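Undergrad: Sequence and predicted structure below; questions after.
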Amino acid sequence: MDEFYLNRALALAAASVPRGEGGPFGAVVVREGEIIGEAWNQVVASRDPTAHAEVLAIRAACARIDHFHLDGCVLYASSEPCPLCLAAAYWARIARIVYANPRAAAAAAGFCDHDLYEEFRAPPEARRLPVQHLALPDAAAPFAAWTRLAQRKLY
């Protein structure tokens with residue numbers, strides 16, 4: 001069945017190309033043999049740099065099942081997920097990822113994530129994007145309030 005769902009992700013990617021809504025990427029989330037979320041890249045159309053196919057498919061699946069975890073679900077992607085999409089899959093607790101094109105194929109088409117992988121390997125002080133810690137007296141107050149909540153939902 002992996003081929004069936006992976007072909008659906010590829011079909012979504014191919015169908016999105018003439019629309020010009022974003023890059024040529026598609027994704028499908030499957031739970032117990034049922035597609036519960038699917039999407040294509042919509043970065044350009046939505047003006048949202050996080051509107052990758054995998055992220056949107058995860059969002060659709062979570063909305064469909066009314067939960068923020070996708071335990072036991074499989075993510076099928078037309079290409080190897082980028083760091084953003086891989087992180088989203090981890091946060092959603094996706095059980096497995098199956099992809100059609102390796103990152104080298106995406107890079108050859110102009111979608112190279114090599115620099116991101118290298119950035120994440122570097123220590124924070126050596127990265128191109130400056131990230132500064134500024135200690136404020138009440139910075140931990142939101143965490144303290146959170147830990148006092150009786151009905152908090154961990155994710």
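TA: Received the coordinates, thanks.

Undergrad: Ramachandran angles for the residue of the chain positioned farthest from its centre?
TA: Taking CA atoms, centre = their mean as the measure, the residue most remote from the mean C-alpha position of the chain is Pro137, 34.3 Å away. Backbone geometry at Pro137, expressed as degrees, to the nearest 10, gives phi -60, psi -40.

Undergrad: Find the centremost residue of this protein, please.
TA: Cys85 (2.4 Å).

Undergrad: hmm, back to that, got the contact list for the residue farthest from the centre of the chain?
TA: Counting by CB atoms under 8 Å, 6 or more residues apart in numbering, Pro137 makes contact with nothing. To be clear about C-beta, it is placed using only N, CA and C from the backbone, and glycine gets the same treatment.

Undergrad: what does the model give it for pLDDT?
TA: Pro137 is assigned a predicted lDDT (pLDDT) of 97.

Undergrad: show me what contacts the residue nearest to the centre of the chain?
TA: 27, 52-55, 77.

Undergrad: mind listing the strands for the chain?
TA: 26-31, 34-40, 74-79, 96-101 (DSSP state E).

Undergrad: Next, format those strands as CSV and append mean pLDDT, mean neighbour count and distance to Gly20.
TA: Shown next, in CSV, are the strands of the chain (pLDDT from 0 to 100; neighbours: other CB atoms under 10 Å; distance: least, CB to CB, whole Å):
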stretch, mean pLDDT, mean neighbour count, distance to Gly20
strand 26-31, 99, 27, 15
strand 34-40, 99, 20, 11
strand 74-79, 99, 28, 17
strand 96-101, 99, 16, 20
